[in-house]
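Colleague: sequence unknown, structure follows:
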C-alpha cells in the first residue's frame with residue numbers, strides 16, 4: 001500500500017478508525033443494549049412469535065453483525081479507491 005503523501009495516509013487512517021468506531025457502537029447498542037439493557041421493554045413486542053428482546057439476544061445481534069461486516073467491506077473498498085490504495 002503506497003500513499004501519495006503523508007497527509008493522505010493520516011486522513012485514510014482517521015476515516016478508517018472513525019468508521020470502525022461507528023460500526024462498533026452500532027454493534028454494542030444492538031447486542032448489549034437491545035439484547036440485555038432494553039430486553040424487558042422490548043419483550044412487550046412480539047417478532048415472529050418471539051419476544052423482541054429475546055430475539056435480539058439470540059438472533060438479531062448476529063444478523064446485525066453480519067450486515068455490519070458487509071457495510072465495512074463496502075465502505076473500506078470505497079475508502080481504498082478514494083486514496084488510491086485499492087487492489088487493482
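Modeller: Perfect, I can see it now. Not measured: the values here are computed from a predicted model.

Colleague: In terms of helices and strands, where is the residue nearest to residue 48 when sequence neighbours are not counted?
Modeller: Once flanking residues are discounted, residue 48 sits nearest to residue 55: 7.1 Å by Cβ to Cβ, 6 or more residues apart in numbering. Placement of C-beta: from N, CA and C, glycine included. Taking DSSP states H and E as the criterion, residue 55 maps to helix 52-55.

Colleague: quick one: contacts of that helix?
Modeller: Helix 52-55 is contacted from outside by 34-35, 38-48, using Cβ atoms under 8 Å, 6 or more residues apart in numbering.

Colleague: which of those count as buried?
Modeller: 34-35, 39, 42 (16 or more other Cβ atoms under 10 Å).

Colleague: any idea which of these is closest to residue 75?
Modeller: residue 34 (22.8 Å; Cβ to Cβ).

Colleague: The closest one: what's it in contact with?
Modeller: 42, 52-53, 56-57, 60-61.

Colleague: Of the residues you listed, which is the most crowded?
Modeller: Comparing the contacts of residue 34 by number of neighbours (other Cβ atoms under 10 Å), residue 56 comes first, having 25 neighbours.

Colleague: Same question for stretch 76-85: list its buried residues.
Modeller: Within stretch 76-85, the residues that count as buried by 16+ other Cβ under 10 Å are 79-80, 83, 85.

Colleague: Would you reformat those as JSON lines and include pLDDT and secondary structure?
Modeller: Shown next, in JSON lines, are the buried residues of stretch 76-85 (pLDDT from 0 to 100; DSSP: H, G, I helix; E, B strand; the rest coil):
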{"residue": "79", "pLDDT": "94", "secondary structure": "helix"}
{"residue": "80", "pLDDT": "91", "secondary structure": "helix"}
{"residue": "83", "pLDDT": "89", "secondary structure": "coil"}
{"residue": "85", "pLDDT": "86", "secondary structure": "coil"}
